[in-house]
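Engineer: any chance you could fold what I've pasted below:
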Amino acid sequence: MVDQKVGWHRLLRMKPELAAMVEENEETPLVLAAEQHGGVIKYATAFLATFTFRSARRHDSLLTAIAMLQSLHSEGRRALPEHVPTSHLSPTDRKLIFGQQKTDRRLYEIATLAALRERLRSADIWVEGSRSFRPIDEHLMPRSTFTTMKEDDRLGLGVGSDVAAWLSEARQVLDFNLKRLAYRARAGKLDGVRLEAGTLIVTPTIGDVPAAAEELNAEISEMCPLVEVPDLLREVHDWTGFADHFTHVRTGDAPRNVSAMLAGILADATNLGPKRMAGASKGISAHQIGWMRTFHARSETYRAAQACITDAHTGHPHSRLWGNGTTASSDGQFFRASDRAAKRGDVNLHYGSEPGSKFYSHLSDQYGYFSILPISPTESEAAYVLDGLFDQDTILDIQEHFTDTGGASDHVFGLFALIGKRFAPRLRNLKDRKFHTFEKGDAYPALTNHIGVPINTALILDHWDDLLHLAASITTRAVVPSTILRSSRPLRRKASWPRRCGNSAGSSDHCS
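Structural biologist: Prediction:
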């Protein structure tokens, strides 16, 4: 129809004009938000009057702005003072707010409240007396404990305490590796990688399973007998004793009725519930299953049982055919929810318009799952990569970890370097990635298109103890890594120091 009435050629010629018209008429998010100013201020007045905010920065412009707004609301004044704090605002917001003859109070208040929201999320500002919005230091190991460990050289991290020595070594390693990369790229000595017009192009790998392997797989599958799931659970328990880890919440005793315990596990896994599970089981009542689920099935007992199975799998000689248990990978899987569960699910348009839940799983190179984390479908997977490596109780010693692009961020690169493990994600659009270097970009002319902003060594020097404190808190399990990563805006924002330090500290390990 469009082709007949308008014509594709004519439509394509008009595309630049249409794009310009849209850009000219498109309102900024701040202006759109300010349209709801009346409703927002009804709640903001009570909100600002109720809480006391604290900041990690001296003479924080945002706190000064908040105090000024509190005074305006309490005194009922409408006009802003002649001079107001502005350094917490972006250049674009300043232009909108102060671009007219008279300062726009609506825009100023909305922009200030938005800045407060972001700073609360990053824990750069916290609420006095709050358990949720606390300063980052309160999540970490006590500062005195960290100082003692550092003085006794017991941090056990991937970097030393001497920041000057580490920076010197990192500078040399990074420079050597970038020059070697540039030389190999120019000489065509990189397998599967070519240099075109100053851009590195990586040839995609294609999986190729031999036909003989497919035939062997089918033959082996036919040899395996069909087993009922309850019988399989019982057999795995006989091998590993995993059900004994579902201890009683009060006495700590192992389950006396193992069959009922296994039925309860299967009821959880299939969402059947005790009644329907009892109907599908022989000699087990709904009361017995409900009792086991109530007093024996908890998150910590599931975790212990899972670790038991993983350790038994790791210790089996056949697992060595796949790997030695020192590398692992992780990825998320989305499950759509229906009926009552849909009300508790979230919608991520990447997976469609239906609500659901997501599980982020860690798998060893021996094909043994050692961590499965329930997360929101709207959350970044990168925040949970380190959780699976440290918040688990198996005997695995993972030294190298793989993810897809969703599990990678500058923060994750930086923390892996600090804790002494290797992070090796499989990244899409690699040609658009930038190397951060100590030297200027012209030091590596063949890689100019891939050189980003320089590493801020002054920032690393200023916050080296903070970085060591964070890394040591993770390795000693004083803090769950996602607690910090979720509050430090790891993917796109640059307002707080953890992003910059993660970006810089991790760059040498990433680029090498």
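Engineer: so which elements touch the longest helix anywhere in the chain?
Structural biologist: In the chain, taking DSSP state H as the definition, the longest helix is helix 163-187. Packing partners of helix 163-187 (3 or more Cβ pairs under 8 Å, 6 or more residues apart in numbering; DSSP states H and E): strand 193-196, helix 457-462, helix 507-511. Placement of C-beta: from N, CA and C, glycine included.
Engineer: tally of neighbours for the residue nearest to residue 239 when sequence neighbours are not counted?
Structural biologist: Sequence neighbours aside, residue 312 is the residue nearest to residue 239 in space, at 6.5 Å (criterion: Cβ to Cβ, 6 or more residues apart in numbering). Residue 312 sits with 16 neighbouring residues when counted by other Cβ atoms under 10 Å.
Engineer: how far does stretch 392-410 stretch from one end to the other?
Structural biologist: Criterion Cα to Cα, to the nearest Å; first-to-last residue distance in stretch 392-410 is 24 Å.
Engineer: was I right about residue 389 contacting residue 400?
Structural biologist: No: the pair residue 389 / residue 400 is not scored as a contact, 10.6 Å apart, by Cβ atoms under 8 Å.
Engineer: now do the shared contacts for those two.
Structural biologist: 328, 421 (Cβ atoms under 8 Å, 6 or more residues apart in numbering).
Engineer: any regions of the stretch 1-150 of the chain where pLDDT drops low?
Structural biologist: Where the stretch 1-150 of the chain drops to pLDDT under 70, the residues are 1-3, 18, 20-27.
Engineer: could you pull out the strands in it for me?
Structural biologist: With DSSP state E, counting those that start in this stretch as the criterion, the stretch 1-150 of the chain has strands at 53-55, 125-127.
Engineer: tell me which residues of the first one are tucked away?
Structural biologist: In terms of neighbour count (16 or more other Cβ atoms under 10 Å), strand 53-55 has its buried residues at 53, 55.
Engineer: who's in contact with that strand?
Structural biologist: By Cβ under 8 Å, 6+ apart, strand 53-55 touches 62-63, 66, 116, 119, 124-128, 135.
Engineer: what subset of those residues is buried?
Structural biologist: Buried members of these, scored by 16+ other Cβ under 10 Å, are 62-63, 66, 116, 119, 124-126.
Engineer: distance to residue 468 added to those, as CSV?
Structural biologist: Output for the buried ones among the contacts of strand 53-55, formatted as CSV (distance: Cβ to Cβ, whole Å):
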residue, distance to residue 468
62, 28
63, 28
66, 32
116, 30
119, 24
124, 20
125, 24
126, 22
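Engineer: which one, of the strands of the stretch 1-150 of the chain, ends up nearest to residue 456?
Structural biologist: strand 53-55 (21.4 Å; Cβ to Cβ).
Engineer: among the buried ones among the contacts of strand 53-55, which one sits closest to residue 211?
Structural biologist: residue 124 (57.8 Å).
Engineer: wait, isn't that closest one in contact with residue 88?
Structural biologist: No: contact criterion Cβ under 8 Å: residue 124 and residue 88 do not qualify, at 10.9 Å.
Engineer: the stretch 401-512 of the chain: strands as residue ranges?
Structural biologist: 422-423.
Engineer: ramachandran angles for residue 202?
Structural biologist: For residue 202, the backbone dihedrals are phi -100, psi 130 (criterion: degrees, to the nearest 10).
Engineer: what's near enough to touch it?
Structural biologist: Residue 202 sits in contact with 192-193, 430-431, where contact means Cβ under 8 Å, 6+ apart.
Engineer: in terms of pLDDT, where does it sit?
Structural biologist: pLDDT, residue 202: 85.
Engineer: so who does residue 94 touch?
Structural biologist: Here residue 94 is in contact with residue 86 (criterion: Cβ under 8 Å, 6+ apart).
Engineer: give me the number of residues near the closest residue in space to residue 485 that isn't next to it in sequence?
Structural biologist: Closest residue to residue 485 apart from its sequence neighbours, by Cβ to Cβ, 6+ apart: residue 383 at 4.0 Å. Using other Cβ under 10 Å, the number of residues around residue 383 comes to 24.
Engineer: same question, the one 10 residues further on
Structural biologist: Applying other Cβ under 10 Å, we find 15 other residues in the vicinity of residue 393.
Engineer: how does this structure divide into domains?
Structural biologist: Taking automatic domain parsing as the reference, the chain has its domains at 2-134, 163-203+316-511, 227-306.
Engineer: can you redo those domains as CSV with distance to residue 216?
Structural biologist: Output for the domains of the chain, formatted as CSV (distance: least, Cβ to Cβ, whole Å):
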stretch, distance to residue 216
domain 2-134, 52
domain 163-203+316-511, 15
domain 227-306, 21
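Engineer: coming back round to it: residue 374: which of the strands of the stretch 1-150 of the chain is closest?
Structural biologist: Short answer: strand 125-127, nearest of those by Cβ to Cβ, at 26.8 Å.
Engineer: how about residue 112, what does it touch?
Structural biologist: 62, 65-66, 69, 88-89.
Engineer: measure it to residue 102 for me?
Structural biologist: 17 Å (Cβ to Cβ, to the nearest Å).
Engineer: ok, residue 416 next?
Structural biologist: Per Cβ to Cβ, residue 416 is found 51 Å from residue 102.
Engineer: those helices in the stretch 151-300 of the chain, which residues are they?
Structural biologist: Remark: helices assigned in the stretch 151-300 of the chain by DSSP state H, counting those that start in this stretch are 163-187, 211-223, 229-240, 258-270, 273-279, 286-295, 299-315.
Engineer: for these, which one ends up most surrounded?
Structural biologist: The highest mean neighbour count among the helices of the stretch 151-300 of the chain, using mean count of other Cβ atoms under 10 Å, belongs to helix 258-270: a mean of 21.
Engineer: next secondary structure after the helix or strand containing residue 371?
Structural biologist: Following DSSP states H and E, one finds residue 371 within strand 369-375. Counting by DSSP H and E, the next helix or strand C-terminal to strand 369-375 is helix 385-390.
Engineer: give me the phi and psi angles of residue 209.
Structural biologist: The phi/psi pair for residue 209 (degrees, to the nearest 10) reads phi -90, psi 120.
Engineer: still on that earlier bit, out of residue 389 and residue 400, which sits in the busier spot?
Structural biologist: Ranked by neighbour count (other Cβ under 10 Å), residue 389 and residue 400 place residue 389 first, with 22 against 14.
Engineer: residue contacts, the more buried one?
Structural biologist: 328, 362, 371, 398, 401, 421.
Engineer: please verify my assumption that the first one contacts residue 397.
Structural biologist: It refers to residue 328. No: Residue 328 lies out of contact with residue 397 (Cβ under 8 Å); the separation is 10.3 Å.
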